[in-house]
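Enquirer: the following block contains a protein sequence and its predicted model.
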Amino acid sequence: LNAGWWTYEVCPMSHVRQYHADGERVEADFLLGKLDVAETANRVRKFSGDSSNKLFSFAFRGGTSCDVKEMERESEVQFTCASDGKDAIKVAKETSTCSYVVEFASAELCNHPRFQKKEANVAHIQCQPTPTV
């Protein structure tokens with residue numbers, strides 16, 4: 001995703017990256033975290049155990065050092081159904097200093113029952129002619 005000055009890269013089983021390139025030359029490059037397998041497994045267990053939960057996310061920790069907070073950058077990738085059938089990063093934002101949330105839409109998730117849209121209960125109205133007086 002190219003979001004203004006920054007471009008975001010998500011490799012779900014590996015890392016999240018933020019960079020700025022001028023043509024072929026990368027001018028700024030930050031690792032927003034590597035997959036935290038233990039935390040992600042915990043999130044998957046919670047997702048699997050709670051049928052009302054529609055948020056499926058992976059945790060990424062241990063990114064490039066953050067000067068402002070003297071900590072490493074981290075991110076959460078939230079997966080949603082790509083109703084248009086195209087896998088893509090939809091939104092990337094810094095929710096607090098050096099902490100990011102990335103929304104990744106995946107066509108594959110649309111096949112999962114939790115991500116399918118429920119049809120609304122619609123009561124069909126059948127009109128009867130009114131008697132004339």
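Expert: Nice, I can see it.
Enquirer: burial measure for the residue nearest to V68 when sequence neighbours are not counted, as a count.
Expert: Spatial nearest neighbour of V68, chain neighbours left out: T97 (5.1 Å); criterion: CB to CB, 6 or more residues apart in numbering. From N, CA and C alone the C-beta is placed, and that goes for glycine too. By the criterion of other CB atoms under 10 Å, T97 has 11 neighbours.
Enquirer: shouldn't T97 be in contact with D67?
Expert: No: T97 is beyond contact range of D67, at 9.8 Å (criterion: CB atoms under 8 Å).
Enquirer: overlap in contacts, those two.
Expert: Counting by CB atoms under 8 Å, 6 or more residues apart in numbering, T97 and D67 have no shared contacts at all.
Enquirer: which of the helices and strands in the protein ranks last by mean pLDDT?
Expert: Of all helical and strand segments in the chain, the minimum by mean pLDDT, DSSP states H and E falls on strand 2-3, at a mean of 71.
Enquirer: and the next element down the chain from that strand?
Expert: strand 6-11 (DSSP states H and E).
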